[in-house]
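**Q** Sequence plus the predicted model coming up.
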Amino acid sequence: MTDFAYAYARPSALEAGPEGQALLLSAFAENAADAAGTACFFRGRLRDSWLAARGLSTLAKVVAARFVPQSAVLRDPIVTAGAGQLRFEAFSSCNGVYARLDLGPEALDGEFLCSGTTNVDFNEPMVNALARISRTESVLLSVGEQEVVLERAAGRVTERKVALPERWIKGLTTVQAYLAQMEETLRLTRLQAVQLVQSLPAGAVRQDMFLVLRGPRPGFAAVASPGAVRVGGVHRLRLLEGLLPLCKTLRVYAAPSGQAAAFVLELGGGQQFVLALSADAWRGFSGEGNQLETLAEELPAEWVAGANALFRGNETFNPTLFALEHGLAPDTVDRLCASLSAMGLLGFDLLENQYFYRRLPFKTQRILSLNPRLKNARALLAAAEDVQLVSIGPEGRTEARVRGTGVWYTVLVGGPEPARCTCPWYSGHQGQRGPCKHVLAAQLRFVKQPSA
Amino acid sequence: MSASAVESFESIIRHQTTPALVEFLLQLPKTDVVAVRQRTRQLRRELEDFRQQPNGNWGRTGTDEQLFMLRLAGLRTYSRKEALSPGFQFWSLLPEQLPHFWAVVEHTRPDWLGDFFRQWADRNAWSRPAYQLLRELEHRQLLAYEPRLFAGAVPALLSEWATELSQQDPIPADALAVVTARLAADPTLLTRDLPLVFDFDTAVDGFQAQVQPPMPAGWRRLVQAHSWHDWQELHPPQQLRWLDVFRNLTEQGHLARPELLNRCLQALRRDFRRPLLTWFRMLFLALRPTPEERLARQTELVDLLAHPLPLVVNFALEQLKDLWQHPNFAADPLLLYAEGLLTRQDVRAGLRTLFGGLEKLLRRTPALAPALATLSTTALANADAAVQERAARLLHTVLGARRPLLSAAEAADLTANLCLYAELLTPPARQLLAPYLPAPEAPSAADHYAPHSGFVPDISPATALEPVRDWHELLFLTGQVLQQHEPAAVERWVEGLLRMHGQYPADYARQLHPYLVQALRWQLKGKSEEETRAALLNYSFNDSHNGRPELVLALLVSWYLGFPRLLVAQVPLRPHTYSRPDPLLHLEQQRLAAAEAALQQGRPLPLLSTPSHAPHWVAPSVLLRRLLDYEEAGQEPNAADLTLALARTAVAAPTDVAEARRLLPLFRHPELRPLLTAFLGPEPTNWALPAFTRPPQEKRLTERLSQLIPFLRRPASGSAPALTDALPWLWAIAARTRQPQAELPALQALGTYPGLAQPWQPTWKLTPKSHTYSQTWNKAQPTITNTWTELSVQATTPARSLPSGFLLYSLHAAPERQHECALWPLTSALPFLLTLLPNHPDTLLWHVVQTAARTVDKEVTGQQALQAVLTSLLGPGPVFTEVATLLLALSLTHAAPTTRALALEVVLAAIGHQRLVPEALGRTLGRLLAAEFVPVLRLAEALSAARAISGPTDDALRQLLEALLPLLPAVPLRNTRKLIEAYVDLLTRARRIAPETVQQQFHTWSTSATLKKAATCLAAA
């Protein structure tokens, strides 16, 4: 576990001022130098403050929720400001639910003073205050504070130690890969969204449910059928109970593997709320390992620097532009997007079907060091005889033996088919939760990546 | 490290008292802190150990004082890490301990104190740090003020004060007044901390205390028969509740009433726990706000309509109810919030109130008609019939007003919108809005549902199962088989194992080694390959709880070792106290043992019973080709394998059967050819059995003796008998597979066992059961009688044990199979067992009924068994038989929602595949409901979920209800109204008239007050 000392200048608060209520969100970024410090990112008015407050309250609800027995700790969301938008991202304490509130240009009436990504303080009094914003109330929003440095110098820093586990950061990168793979499967009207809430099964549901449209009515079926969306731990959708009746359209997305589903609520007025669920309530996004193969490949440092130089927070990441700038082959671009997203440099917008640039407010080295399977794979490679080549078959299908604890695992990598291994991880998950360390080690040693 | 300091410390802890320790700790130099910290941890481990004392009681090793001293030492020496560990706590501090505590904490001033108390408060809602302690810490600048921490500590004050007041002599006559006075006397508490309970999720709703003199220790002995009740009567306790305290504070002017009302409403906006929200509601009501006060807070009350919990929404609507017609009541914000409320099903009572208010608004301000009409249209999407009816009534008022309330364009828009909701309307709403709705379309022939007349399995390339492609696929399939035990995967694996014999790589055992370690983790963990081999050579399966996974594992072990000895047949499958393996598993054992033997001999052929087509069919032509291969190789088929192959053969696939018949002349086996000729014949035959050769007298005698004398037993219990011996039973299986429900007099020659010549057709009945037990200590209720209804299966059972384990369709008729201990092994094996009998699973299904469904409670193993059966019913197949229908009915009304949800999927799938017989399901459900075996509500909910999905679905449900409703009792069961509403809805949309039997039933029910309205809807439909 890694502890971050969140040094907020002051707690976030909803304060009454001469111009009405002001929602002041305090910010902190570990990579402050890269992310333009904790200066003020945005200051302005929320056009529909009641709706935005509902979205932020739901986000706070997600942050405080947990669906496995473990202590609930309020983890602060991160916010990306820039390109006329604010995106608030957060996870449930158990890492199985990802939520994002996007406030687009239509939702904001104010000034973006700088762009970047930062943690924002979500404390309980502020969440309380959010619930009190009424429909007709005008609210000013401020993200970050200009006078932070001065206050620090004066020694008035509000320290709040948050034990932020590694998996939280890892989940932020993993979930983007799932979002990027997803396809829109269902589009529901507001009425259907309400019916969906009503059809949620009671209690905590252990087995998978499948969201289907029967006639005009959406509902959850106990068995899979064509066009149905697999939703594991369906009771987690109750987090949206307060927000679904407010949406204009609900779009449901599913990963082709069925390992994740996302619900995008178009709230109108430039606001949208994304809720992504992992395959099961007991599975956090952090343990999925779907980014491991892309992380195994090291990106040239100039690409990362180039991405930093080319794009600002929330800007649509245009892979073609990037490829032209760096002279990359078109087939390298997809891989590049996946790699940058795995490093926490890209988020994915489902409605736009585009990556957007946002650099997580954590050091890149920290993100890269979070994957034990990758670290273990590299450790296996350290001993020359622990990963042995057996044969290379048609289409580059490579058979290898990798040493385990008292056993030798047979590993198949390369070629068009998915990698396989005889280890318990692979037998248990059949490759659905990313490659095991044995596969990664064999890939790193024997499989050549297409060059840029 | 100073050894003397540590020694002194230990000596003080062991032999001295707290003052000595405090003195020591205050003088402890910085350099010795770490050493003393380590010894503190060691001593805590020793003295906090919970063990049996010399006097026989259990308790801590150390004394209370020693434990307190160790905590003081922790306070002085611990770093943040130790201080925040779960074991370090300061529970209630006794008055005599407080000076020592303050001395140490003032001296040390630990920087972790804030986190320590915060963590303490978070860990346990019922044991938070005392409020006064926190205040004192704050006062001494040891703790920064934190609202959440202080808010959490406030509620317990009531208990603390009540305890203190109870110890006064005499106790105060008005404890509430004393508490109120104490609060009023502390401005920080009153104005800063007490209001925090409205901002945080505290236990203010749960704390109540009583002030009462403590009962003397000898009270019960003073006068005979003195009891706790007598003490209560002599000294009635004074109850203290925060609700009364707040009310008192307001009445006495210590708290501002308007502020308190506002705080209640603001707290109600939060997503607090339901009981806490209820408490805020009660406080608001306890203050008895006047209409003027409520009117002044109409914005806050209207804001509550967006709350997700019905209790808050209903409360807000109730508070607004009498304000609707007030001239100062602003309708616009209400209408804004009402929009989001109208489609909610959980606030039905509130919605009725809301519509009452909307009607008043319409009368007060007719100009609101367009907005109200739009809202009412939205409410038509609510699935609740009563809400729809209220909305329809308002729409009817707006559209039917003598003086038009809407412009022509508005009226046209509204009517067009109404048409969008036409499909969702319940009969009462439809009746009210009929003039504005288009005439419903007449149902087409495509909307009619009828079960299919004959089922033809799909034996085509599209359903052909793909065999294992190469060694690697076989290797990785091994892992899948061991982890998931999926029946189809196991079949593919066995097939691959046999077919690829001779093609395994030289180091195949080494590659299999990780899987063996996974499967036998405890036995093989940490063993090298040589050690693993040595261990497995002597490995034997234990004598209980074996099933198919163990059989597969035995085959894998045998394969790994290179088949030095046959292991599959040695897996014990004997009944035990808590486990009775299913009899079909013996056949599986014999089949896998045959595969193992063939592999050992090095000339394996594919098993005859391996499915060739999805889901588990053996195509007749494939069976013939496999038999021809056996004949060509000069091998006799294994009897168990052939039995299962016959049971799995798709005899109802005419094209492939014709192809098999074409191959039949090539097959020359003298005994099997006539059998297959009859089995695959174009028409069902009269099954003229050949004359079988009876086993010699000597052999029969040996077999009988072997059952009694162990050393005469056959080499392995899991081996199949010779084909010739099994031939009569093969004929029986072939005949019953081909004609599951026919009478087969030709088979009478084989015996009179159930399911042989006569189809085994059990019946079922529901029997009331009761159990009475006495409780002598309870004079008011000395006996308790529990009653319940049990489902039992009535059937003929064989007078003596079956002559052969090959009689697949009779195995479950034996009475010993009905044993309770058969359920667990049955449930785990059921997904596989159901694949064995695709043509005639009824006997197995009856077995499931009598072991897993005698009561439809939430027992998990029974649920799993039902779910396994339901899963097998999801695909295409023949129409449901009586027992399949019974299982479906039981599952559809099961106590477990997941089972009901799966059963509903089966109903919908069965309608799609035309397998459902609605009348049969209706009759079965009618019997279950009429006997009150299951509640009506469960079925009503299922029907509502299946409503309006498609024309055939609606038609099937209508047929189901028409068979069910006449069977229900004249005195209506609870929730019968919901069934009637569902039926009327189906009838209305299908534009049909109820049959005579149903009309008679409705006539009977129309006298009932609860059903009168619903029953009269039928006449209007």
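**A** Yes, it's here.
**Q** okay, CA-based contacts and neighbour counts for the rest of this
**A** Will do.
**Q** Pull out the buried positions in stretch A:397-405.
**A** Neighbour-count burial for stretch A:397-405, counted by 16 or more other CA atoms under 10 Å in any protein chain shown, picks out A:397-403.
**Q** Export these to CSV and append columns for pLDDT, secondary structure and distance to residue B:619.
**A** Shown next, in CSV, are those (pLDDT from 0 to 100; DSSP: H, G, I helix; E, B strand; the rest coil; distance: CA to CA, whole Å):
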residue, pLDDT, secondary structure, distance to residue B:619
A:397, 90, coil, 35
A:398, 93, strand, 37
A:399, 94, strand, 37
A:400, 95, strand, 39
A:401, 95, strand, 40
A:402, 95, strand, 42
A:403, 93, strand, 44
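**Q** out of those, who's near chain B?
**A** Residues of the buried residues of stretch A:397-405 in contact with chain B (CA under 8 Å from any CA of the partner chain): none.
**Q** quick check, nearest of those residues to residue B:447?
**A** residue A:397 (53.7 Å; CA to CA).
**Q** what's the most distant pair in the buried residues of stretch A:397-405?
**A** Pairwise over those, using CA to CA, the maximum falls at A:397 and A:403, 19.4 Å.
**Q** quick one, what contacts the closest residue to chain A within chain B?
**A** The nearest approach of chain B to chain A comes at residue B:949, 4.6 Å away (CA to the nearest CA). If a contact means CA atoms under 8 Å, 6 or more residues apart in numbering or on different chains, then residue B:949 has A:214-216 as its contacts.
**Q** For chain B, which residues are neighbours of chain A?
**A** Counting by CA under 8 Å from any CA, chain B sits next to chain A at B:199-200, B:266, B:269-270, B:303, B:306-308, B:340, B:343-345, B:381, B:475-476, B:479-480, B:483, B:510-511, B:513-515, B:518, B:526-529, B:898, B:901-902, B:905, B:948-950.
**Q** Kindly recompute the last result at 7 Å.
**A** Within chain B, the positions adjacent to chain A are B:199, B:266, B:269-270, B:303, B:308, B:340, B:343, B:345, B:476, B:479-480, B:483, B:511, B:513-514, B:518, B:526-528, B:901-902, B:905, B:948-950 by CA under 7 Å from any CA of the partner chain.
**Q** Now, of the residues you listed, which are buried?
**A** Among these, those scoring as buried are B:199, B:266, B:269-270, B:303, B:308, B:340, B:343, B:345, B:476, B:479-480, B:483, B:511, B:513-514, B:518, B:527, B:901-902, B:905, B:948 (criterion: 16+ other CA under 10 Å).
**Q** The residues you listed in helices, which ones?
**A** Assignment to helices by DSSP state H places the following of those there: B:266, B:303, B:340, B:476, B:479-480, B:483, B:511, B:513-514, B:518, B:901-902, B:905.
**Q** Hmm, residue B:334 and residue B:302 touching each other?
**A** Yes - with contact defined as CA atoms under 7 Å, residue B:302 reaches residue B:334; the gap is 5.8 Å.
**Q** with the contacts of residue B:949 in mind, which one is nearest to residue B:26?
**A** Set against residue B:26, the nearest of the contacts of residue B:949 by CA to CA is residue A:214 (74.9 Å).
**Q** What confidence value was assigned to that closest one?
**A** In this prediction, residue A:214 carries a pLDDT score of 87.
**Q** cool, and residue B:658?
**A** Residue B:658 is given a pLDDT of 95.
**Q** Likewise for residue A:30?
**A** We have a pLDDT of 56 for residue A:30.
**Q** SS state for residue B:155?
**A** For residue B:155, the secondary structure call by DSSP: H, G, I helix; E, B strand; the rest coil comes out as coil.
**Q** any idea of the pLDDT on it?
**A** In this prediction residue B:155 is given a pLDDT of 93.
**Q** How many residues are close by it?
**A** By the criterion of other CA atoms under 10 Å in any protein chain shown, residue B:155 has 24 neighbours.
**Q** and the closest residue to it other than its chain neighbours, what is it in contact with?
**A** Leaving aside its sequence neighbours, residue B:155 sits nearest to residue B:204 (CA to CA, 6 or more residues apart in numbering or on different chains; 4.9 Å). Residue B:204 makes contacts with B:155, B:197, B:242, as judged by CA atoms under 7 Å, 6 or more residues apart in numbering or on different chains.
**Q** Once you drop chain neighbours, what's closest to residue B:560?
**A** residue B:509 (5.1 Å).
**Q** other SSEs contacting the helix or strand hosting the one you found?
**A** Using DSSP states H and E, the element containing residue B:509 is helix B:508-519. For helix B:508-519, the packing partners by 3 or more CA pairs under 7 Å, 6 or more residues apart in numbering or on different chains; DSSP states H and E come out as strand A:408-413.
**Q** can you list the residues that contact the strand it packs on?
**A** A:397-403, A:419-423, A:439, A:442-443, B:511, B:514.
**Q** Give the pairing partners of that strand; include direction for each.
**A** Strand A:408-413 sits in its sheet next to strand A:398-403 (antiparallel), strand A:420-421 (antiparallel), going by DSSP bridges.
**Q** center of chain A, which residue is that?
**A** Nearest to the mean C-alpha position of chain A, by CA atoms, centre = their mean, lies residue A:172 at 3.6 Å.
**Q** which residue packs closest to that residue, ignoring adjacent ones?
**A** Closest to residue A:172 by CA to CA, 6+ apart is residue A:344, at 7.2 Å.
**Q** burial of the one you found, as a residue count?
**A** The burial count for residue A:344: 26, using other CA under 10 Å.
**Q** Helix, strand or coil: sort out it for me.
**A** coil.
**Q** Residue A:109 now?
**A** Per three-state DSSP, residue A:109 ends up strand.
**Q** What's the local residue count around residue B:849?
**A** Number of residues near residue B:849 (other CA under 10 Å) recorded here: 25.
**Q** Put together JSON lines for the ones in helices among the buried ones among the residues of chain B next to chain A, with distance to residue B:923 on each row.
**A** Putting those into JSON lines (distance: CA to CA, whole Å) gives the following:
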{"residue": "B:266", "distance to residue B:923": "54"}
{"residue": "B:303", "distance to residue B:923": "50"}
{"residue": "B:340", "distance to residue B:923": "42"}
{"residue": "B:476", "distance to residue B:923": "49"}
{"residue": "B:479", "distance to residue B:923": "47"}
{"residue": "B:480", "distance to residue B:923": "43"}
{"residue": "B:483", "distance to residue B:923": "42"}
{"residue": "B:511", "distance to residue B:923": "57"}
{"residue": "B:513", "distance to residue B:923": "56"}
{"residue": "B:514", "distance to residue B:923": "55"}
{"residue": "B:518", "distance to residue B:923": "50"}
{"residue": "B:901", "distance to residue B:923": "21"}
{"residue": "B:902", "distance to residue B:923": "21"}
{"residue": "B:905", "distance to residue B:923": "20"}
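**Q** Brilliant, that's me finished.
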